[in-house]
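1. Structure for this input, please:
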Amino acid sequence: MARAALAWSMSTAPPRYGGKGESSPVVILGGTGRVGGSTAIALSKLCPSLQLIIAGRNREKGAALVSKLGKNARFVEVDIENTSMLETTLEEAKLVVHAAGPFQQAQKCTVLEAAISTKTAYLDVCDDTNYAQRAKSFHSKALAAGIPAVTTGGIYPGVSNVMAAELVHSVKSEDAGEPERLRFFYYTAGSGGAGPTILATSFLLLGENVIAYNKGEMIKMKPYSGALSIDFGKGIGKRDVYLLNLPEVRSAYDILGVPTVSARFGTSPFFWNWGMQAIANFVPAETLRDRSKVQQLVQIFDPLVRAIDGIAGERVSMRVDLELLDGRSRVALFSHKKLSVSVGYSIAAFALAILEGSTQNGVWFPEEPEGIAIDARKLLLERASKGTINFVMNKAPWMIETDPKEIGLGIYV
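-> Numbers count the residues shown, from 1 in each chain. The predicted structure is shown next:
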């Protein structure tokens with residue numbers, strides 16, 4: 001489906017988003033949460049003149065954030081399940097950033113449908129495979145409405161997808177070899193300071209079978225299995241990571257054409273990984289797929305997670321490995337001291353790309369070809385990587401690892 005939509009779009013070259021007036025604001029749904037709030041702060045720093053509407057249900061938190069952002073921001077109370085309230089808020093907006101997760105087990109793309117109805121450009125930070133594919137199914141409707149929409153446009157998935165696309169593009173443009181295997185590796189200390197939403201997302205993902213691809217064949221595996229020790233380079237080091245069902249696996253397979261694709265995630269302290277494995281193995285999958293029951297689990301674990309977060313910090317790292325048929329590898333690496341800051345700049349980078357007319361009309365994944373989803377991928381990565389302790393693109397693994405192996409004569413692997 002993704003390939004068909006892409007071929008159609010390239011042959012007909014749909015116009016870019018004309019949108020509403022330049023002074024029209026950006027609405028950030030979930031703006032009082034950690035992800036939405038971080039996005040608002042990053043946007044205000046990258047583009048101080050931008051008008052922002054912080055939309056959420058907590059007036060007290062909204063007022064505090066608006067006070068911090070200054071005169072170009074205001075708060076609006078919005079319940080995304082109230083279609084009338086939602087559409088009224090979007091009527092005046094140029095872009096809506098949907099950060100009101102978690103996206104797992106959501107049955108409708110309510111915000112995307114409201115964006116299409118009001119002809120408002122759209123960006124979400126979805127991290128769920130089913131929701132992302134459902135959003136993609138609205139491609140023709142977004143095209144007819146004349147709006148661009150990007151789904152899975154956060155840090156991971158999002159920036160990681162663009163990193164993968166750049167790796168594949170580089171090896172193909174250099175005729176350096178045929179891509180054979182693409183692997184996404186993610187590490188976040190504690191909950192990354194992101195609070196109960198990230199915790200809920202993690203539990204919900206543990207209720208999903210992991211989808212991966214092996215030599216062109218879709219395979220299913222247990223969540224939080226397949227542990228690997230991965231070197232995330234300076235500032236992070238080696239960390240254990242485990243299989244999770246993440247949307248970039250399917251979209252990268254469909255769009256980038258690499259036959260073997262998988263994604264793994266790990267956290268620290270180490271016992272959190274043991275806990276995640278225990279939950280995946282012993283809590284019934286039906287419980288982990290029930291959002292109300294997961295919220296009960298979150299209420300139990302959240303105080304403990306917050307206490308440990310104060311010790312663990314919130315470092316984040318993404319490593320994307322592209323292996324070629326001849327055995328050579330290319331690596332992209334992105335590490336930051338604070339997930340809450342880095343996720344804001346990552347989402348803001350996508351938002352500015354859409355506002356600047358970098359995205360064609362329709363619904364797109366971040367890794368779709370340059371000029372379709374994102375017209376200037378290097379600029380997006382430059383903005384997203386602001387403040388990183390390590391950002392490397394298209395290098396051999398030994399050039400980024402903390403303990404590369406020398407096989408002799410100054411040759412490393």
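
2. could I get stretch 154-173 in PDB with only the CA atoms?
-> The C-alpha trace of stretch 154-173 is given here as PDB (Å, rounded to 0.1, in the frame of the first residue of the first chain):
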ATOM      1  CA  GLY A 154       8.900  12.000  16.900                       C
ATOM      2  CA  ILE A 155      12.400  11.000  18.000                       C
ATOM      3  CA  TYR A 156      12.000   7.200  17.700                       C
ATOM      4  CA  PRO A 157      10.200   6.500  15.500                       C
ATOM      5  CA  GLY A 158      10.700   9.700  13.500                       C
ATOM      6  CA  VAL A 159      14.300  11.000  13.500                       C
ATOM      7  CA  SER A 160      15.500   7.400  13.500                       C
ATOM      8  CA  ASN A 161      13.500   6.700  10.300                       C
ATOM      9  CA  VAL A 162      15.200   9.700   8.600                       C
ATOM     10  CA  MET A 163      18.600   8.400   9.800                       C
ATOM     11  CA  ALA A 164      17.800   5.000   8.200                       C
ATOM     12  CA  ALA A 165      16.600   6.700   5.000                       C
ATOM     13  CA  GLU A 166      19.800   8.700   4.800                       C
ATOM     14  CA  LEU A 167      22.000   5.600   5.200                       C
ATOM     15  CA  VAL A 168      20.100   3.700   2.500                       C
ATOM     16  CA  HIS A 169      20.200   6.700   0.200                       C
ATOM     17  CA  SER A 170      24.000   7.200   0.700                       C
ATOM     18  CA  VAL A 171      24.900   3.600  -0.100                       C
ATOM     19  CA  LYS A 172      22.700   3.500  -3.200                       C
ATOM     20  CA  SER A 173      23.800   6.900  -4.500                       C
END
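
3. Check which element follows the strand ranked longest in the chain along the chain.
-> For the chain, the strand that runs over the most residues, judged by DSSP state E, is strand 179-189. On the C-terminal side of strand 179-189, the closest following helix or strand by DSSP states H and E is helix 196-205.

4. Run through the neighbouring helices and strands of that following helix.
-> On a contact count with 3 or more C-beta pairs under 8 Å, 6 or more residues apart in numbering; DSSP states H and E, helix 196-205 meets helix 34-46, helix 291-312. Quick note: C-beta positions are derived from backbone N, CA and C, even for glycine.

5. got CSV for these, with mean pLDDT, distance to residue 78 and mean neighbour count too?
-> Putting the helices and strands packed on helix 196-205 into CSV (pLDDT from 0 to 100; distance: least, C-beta to C-beta, whole Å; neighbours: other C-beta atoms under 10 Å) gives the following:
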stretch, mean pLDDT, distance to residue 78, mean neighbour count
helix 34-46, 95, 11, 23
helix 291-312, 83, 20, 14
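
6. and those as JSON lines, adding distance to residue 338?
-> As requested, the helices and strands packed on helix 196-205 are exported to JSON lines (distance: least, C-beta to C-beta, whole Å):
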{"stretch": "helix 34-46", "distance to residue 338": "9"}
{"stretch": "helix 291-312", "distance to residue 338": "11"}
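
7. Of these, which is nearest residue 379?
-> Proximity to residue 379 (C-beta to C-beta) singles out helix 34-46 among the helices and strands packed on helix 196-205, at 11.5 Å.

8. Could you list the residues in contact with that closest one?
-> 26, 28-31, 50, 52, 54, 56, 61, 65, 68-70, 72-73, 97, 99-101, 125, 154, 193-195, 197-198, 340-341, 343-345, 347-348, 351-352, 383 (C-beta atoms under 8 Å, 6 or more residues apart in numbering).

9. Just the buried residues out of the residues you listed, in ChimeraX syntax.
-> Provided next is the ChimeraX selection string for whichever of the contacts of helix 34-46 are buried by 16 or more other C-beta atoms under 10 Å:
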select :26,28,29,30,31,50,52,54,56,61,65,69,73,97,99,100,101,125,154,193,194,195,197,198,340,341,343,344,345,347,348,351,352,383
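
10. Among the contacts of helix 34-46, which ones are in strands?
-> Using DSSP E, the contacts of helix 34-46 in strands are 26, 28-29, 52, 54, 56, 73, 97.

11. quick check, nearest of the residues you listed to residue 296?
-> Scanning the ones in strands among the contacts of helix 34-46 for proximity to residue 296, where the rule is C-beta to C-beta, the winner is residue 56, at 22.4 Å.

12. burial count for the closest residue to that closest one other than its chain neighbours?
-> Distances taken as C-beta to C-beta, 6 or more residues apart in numbering put residue 32 closest to residue 56, at 3.7 Å, once the chain neighbours are dropped. For residue 32, the neighbour count with other C-beta atoms under 10 Å is 26.

13. Quick check: residue 32 touching residue 65?
-> Yes - the pair residue 32 / residue 65 is scored as a contact, 6.4 Å apart, by C-beta atoms under 8 Å.

14. Can you pull the residues that touch both of these two?
-> Listed contacts common to residue 32 and residue 65 are 54, 75; contacts here mean C-beta under 8 Å, 6+ apart.

15. CA atoms only: put the longest strand of the chain into CSV for me.
-> In CSV, the C-alpha atoms belonging to strand 179-189 read as follows (Å, rounded to 0.1, in the frame of the first residue of the first chain):
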residue,chain,number,x,y,z
PRO,A,179,21.4,-3.1,1.6
GLU,A,180,20.7,-6.4,3.2
ARG,A,181,19.8,-5.8,6.9
LEU,A,182,18.6,-2.7,8.8
ARG,A,183,18.5,-2.7,12.6
PHE,A,184,17.2,0.0,14.9
PHE,A,185,18.6,0.0,18.5
TYR,A,186,17.3,2.4,21.2
TYR,A,187,18.4,3.1,24.7
THR,A,188,16.7,5.4,27.3
ALA,A,189,17.8,5.7,31.0
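
16. ok, residue 110 - contacts?
-> Residue 110 sits next to 80-81, 83, 86 when contact means C-beta under 8 Å, 6+ apart.
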